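> Let's see this in three dimensions:
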Amino acid sequence: MASANTERLIELINEKGLAGVRIDVDELTRRVIEITGDAIKVPPAEIKRRLDQIAEMAILFGTVGRAVDRKASGFLVRSQRELADLAMGLNETRARVETIEAIDKAMPKVAEALAYVDTRLTEIDEMFKDLGRALMEWQMSLMQLIQIRRNVAGGLDGWSQMAEAWNGGKIMAAKANSPDPLERNVIWIAQNLPYMPPCKINSDADNLDLDD
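All right, here's what the predicted structure looks like:
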């Protein structure tokens, strides 16, 4: 039960009227903020401000603590899924000889970008495993959150257009009952791959700055 979704637990208790008890979420939140503030010696108003700022910045990553493939929201997560679908599609495509070269060129770059982004998304979840520490070491947490968001956005930059070309090629191929449209788009993808300097992919996450 400890690992269950808190929102769902509240819904179940309120639906069943468990022992005649109903949970006041606002009151529960207020008490958690007070307890956290007492524990880390920070006023409740400041704890709430920090939580609000974290929530605003983290919304792009979807639900923190949930596996990427199970997240239902978050712009950066949706973009990651597009990239993952592209990687899977290229890997599973049975192409003619003239297209194999394009796939062989594209696949390593797609895999590198996906691995880079997935690692940074994992860092977000690791960061919030100890929310109390994140709130206590606020300036460091805020800087880390900003950096991870920039890194993920940088790793995904340009790939939505590649995913759009891939999906469009599949649709056109299905309508034409021919692999030609998809293969043409695969060749286009290989010719227009987004660029990320090798030093960015190979460096430790703490040293990355995609604005360099």
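
> buried sites along the top helix by length along the chain?
Secondary structure of the chain per DSSP state H: the longest helix is helix 97-127. By 16 or more other Cβ atoms under 10 Å, the buried positions in helix 97-127 come out as 99, 102-103, 106-107, 109-110, 112-114, 116-118, 120-121, 123-124, 127. (Glycine included, C-beta is placed from N, CA and C.)

> Which other helices and strands does it contact?
Under the contact definition 3 or more Cβ pairs under 8 Å, 6 or more residues apart in numbering; DSSP states H and E, helix 97-127 sits against helix 75-92, helix 138-156, helix 159-176, helix 180-191, helix 198-202.

> Dump those into CSV; add distance to residue 59 and mean pLDDT as well.
Formatted as CSV, the helices and strands packed on helix 97-127 follow (distance: least, Cβ to Cβ, whole Å; pLDDT from 0 to 100):
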stretch, distance to residue 59, mean pLDDT
helix 75-92, 8, 89
helix 138-156, 10, 88
helix 159-176, 18, 93
helix 180-191, 30, 92
helix 198-202, 25, 60
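
> Run the angle between the longest helix of the chain and helix 159-176 for me.
Taking axes from the mean of the first three to the mean of the last three Cα atoms, to 10 degrees, one finds helix 97-127 and helix 159-176 inclined to each other by 140 degrees.

> State the mean pLDDT of helix 97-127.
Helix 97-127 shows a mean pLDDT of 88.
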